[in-house]
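Asker: this is the structure alone, sequence omitted:
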């Protein structure tokens, strides 16, 4: 299911980041959970792996499971999610569908930035 059959005999410590992500998903599925919570599941995946995780998440949801995905990749959420929850500075800013949030904006990313402007504080080092 996660595409690791070919490396079943290898030590997990030698896995690439993408293979480690697949192994983490496999571990999350071991108990056949009704609810899954995945944090940045596309991190470290190659393009084939990104497509695989999208398909897997959609198929799990189609089985009736609840799949929560935490991600900073807005474009990925536009392709994967049905509903969005946006949190800024510890406050709930939105709980809506992708279509509703995108309506009236050029993209989901534009809608996200319109919603969060002023809500998220970025701190960086001052330029010298």
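Answerer: Received, thanks. Because the structure is a prediction, the values reported are computed rather than measured.

Asker: hmm, who's touching the longest helix along the chain?
Answerer: Longest helix in the chain, counting residues (DSSP state H): helix 47-62. Helix 47-62 has contacts (Cβ atoms under 8 Å, 6 or more residues apart in numbering) with 1-3, 18, 21-22, 25, 36, 38, 41-42, 45, 67, 69, 76, 79-80, 82. Bear in mind the C-beta positions are built from the backbone N, C-alpha and C, glycine included.

Asker: swap the cut-off to 10 Å and go again
Answerer: 1-3, 16-19, 21-22, 25, 29, 33, 36, 38, 41-46, 65-67, 69, 73, 76, 79-82 (Cβ atoms under 10 Å, 6 or more residues apart in numbering).

Asker: swap in stretch 92-111?
Answerer: Residues contacting stretch 92-111 (Cβ under 10 Å, 6+ apart): 73-88, 112-116, 119-120.

Asker: going along the chain, name the strands of this structure.
Answerer: 35-39, 66-70, 83-88, 91-97 (DSSP state E).

Asker: need the ones you listed in JSON lines with mean pLDDT and mean neighbour count, can you?
Answerer: Below are the strands of the chain laid out as JSON lines (pLDDT from 0 to 100; neighbours: other Cβ atoms under 10 Å):
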{"stretch": "strand 35-39", "mean pLDDT": "93", "mean neighbour count": "13"}
{"stretch": "strand 66-70", "mean pLDDT": "93", "mean neighbour count": "15"}
{"stretch": "strand 83-88", "mean pLDDT": "90", "mean neighbour count": "16"}
{"stretch": "strand 91-97", "mean pLDDT": "92", "mean neighbour count": "13"}
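
Asker: all set now, cheers.
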